[in-house]
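Colleague: this one's structure only:
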């Protein structure tokens, strides 16, 4: 059973992705991003629900089916194998969903034009507060919020 849970956890974690502003996806590297100034209006904690890609369920079904089919004689092995595969799929799906949940923030922002925007991103190393000057960095349709660097006068 420990082996089953280990395999399921490894498969679920392999499917993880994050919305953290501190993690840049490989596909975003060396791409020009659009940057906008904004001001934080509010920050509230939210939870990004875990994914159910099917990887955890399939892995659990395979591991459960193989483990269950080795029990008893040939007739019992088939029945136990099927039941173990179904149970493994349910457990694997639940493990994947729990492993990919993230604590995050919904950040309400105001652009210089007066427009308001909302961005949800995982907790990062920066703590954002209402009134903070921030920049919105958008690459490939994904936006992250980070504190604005100080503006240097043009030379």
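Modeller: Nice, thanks for sending it over. Just so you know, these numbers come straight off a predicted model, no measurement behind them.
Colleague: What about residue 149, how many residues nearby?
Modeller: Neighbour count for residue 149, taken as other Cβ atoms under 10 Å: 8. For glycine as for every other residue, the C-beta is placed from the backbone atoms N, C-alpha and C.
Colleague: could you point out the longest strand in the chain?
Modeller: The longest strand of the chain (DSSP state E) is strand 34-48.
Colleague: what does it contact?
Modeller: Contact with strand 34-48 is made by 19, 101-112, 116-117, 120, 122, 128-139, 145, 148, as judged by Cβ atoms under 8 Å, 6 or more residues apart in numbering.
Colleague: buried residues in that strand?
Modeller: Within strand 34-48, the residues that count as buried by 16 or more other Cβ atoms under 10 Å are 36, 38, 40, 43.
Colleague: Which pLDDT does the model give residue 56?
Modeller: In this model, residue 56 is scored at 61, pLDDT.
Colleague: swap in residue 16?
Modeller: pLDDT, read off for residue 16, is 48.
Colleague: what do you get for residue 136?
Modeller: So, for residue 136, pLDDT stands at 95.
Colleague: repeat for residue 38
Modeller: 96.
Colleague: tell me the SS of the residue nearest to it when sequence neighbours are not counted?
Modeller: Spatial nearest neighbour of residue 38, excluding adjacent residues (Cβ to Cβ, 6 or more residues apart in numbering): residue 109 at 4.1 Å. Taking DSSP: H, G, I helix; E, B strand; the rest coil as the rule, one finds residue 109 in the strand state.
Colleague: Also residue 92?
Modeller: Taking three-state DSSP as the rule, one finds residue 92 in the helix state.
Colleague: pLDDT-wise, which helix or strand of the chain ranks last?
Modeller: helix 2-14 (a mean of 47; mean pLDDT, DSSP states H and E).
Colleague: Count the residues that sit near residue 138.
Modeller: 14.
Colleague: Could you tell me how many residues sit around residue 148?
Modeller: Count around residue 148 with other Cβ under 10 Å applied: 15.
Colleague: One more: the one 4 residues further on?
Modeller: The tally of other residues near residue 152 (other Cβ under 10 Å) stands at 6.
Colleague: And residue 150, by the same measure?
Modeller: Residue 150: 6 neighbours (other Cβ under 10 Å).
Colleague: All the strands of the protein, residue numbers only.
Modeller: 34-48, 102-110, 116-122, 133-139, 142-147.
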